[in-house]
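>>> Dropping the sequence and predicted coords here.
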Amino acid sequence: MFDPTPRSDRPTVIVVDDEPDFLAILQTRLGAEGWRVLQAGDVAGLYDLLEENEPDVLILDHSLPGITGVAAAKVLLRNDFAAPIVIFSAYLSPDLTQVCREIGLHPVDKISYEELVATCYTLLETEPVPHL
């Protein structure tokens, strides 16, 4: 979905999740916080959004159709993607958390919407993640 609101008015976040309920919740929650929220149900949809949008933060579900959020993030980072990437997962294990942190991703448990919003605001104030 394309939102023509100028970037200077609101920070932009792209949320990629194959579960419509989570997309709706994040649209409502982040939108209420003043974010411009763009959504995709898979990585192909993300690439379409990236053709015309430069997000301030990218949120990737870890369990996407055909690819993990971490694998998708690695591809983006290798191709000079500059925005911070949050891995949002209902299956956030200590191993997944460690893998995310080792490559500069920001893991957040899917049950913690408050932590997700706080993480997005924190990332607005930090430097982009290093490229792989």
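Sure, I can see it. Residues are numbered from 1 along each chain as shown.

>>> Now Gly31: closest residue in space that isn't a chain neighbour?
Val37 (5.3 Å; C-beta to C-beta, 6 or more residues apart in numbering). All C-beta spots, glycine's among them, are computed from the backbone N, C-alpha and C.

>>> any idea which helix or strand of the protein has the worst average confidence?
When each helix and strand of the chain is scored by mean pLDDT, DSSP states H and E, helix 113-124 comes last, with a mean of 90.

>>> buried ones in that one?
113, 116-117, 119-120, 123 (16 or more other C-beta atoms under 10 Å).

>>> Pick out the most distant pair among these.
Tyr113 and Leu123 (15.6 Å; C-beta to C-beta).

>>> looking at the sheet around the residue nearest to the spatial centre of the chain, what are its partners?
Centroid-nearest residue in the chain: Ile59, 1.1 Å away (criterion: C-alpha atoms, centre = their mean). Ile59 has the following beta-bridge partners by DSSP bridges: Val15, Val86.

>>> Determine the set of other helices and strands touching the least confident helix or strand of the chain.
Helix 113-124 sits against helix 20-32, strand 57-61, strand 85-89, strand 106-109, with contacts defined as 3 or more C-beta pairs under 8 Å, 6 or more residues apart in numbering; DSSP states H and E.

>>> okay, the angle between that helix and strand 85-89?
Orientation check (axes from the mean of the first three to the mean of the last three C-alpha atoms, to 10 degrees): helix 113-124 against strand 85-89 gives 170 degrees.

>>> Now do helix 113-124: distance to the chain's middle.
Computed by C-alpha atoms, centre = their mean, to the nearest Å, the chain-centroid distance of helix 113-124 equals 11 Å.

>>> Right, I'll leave it there.
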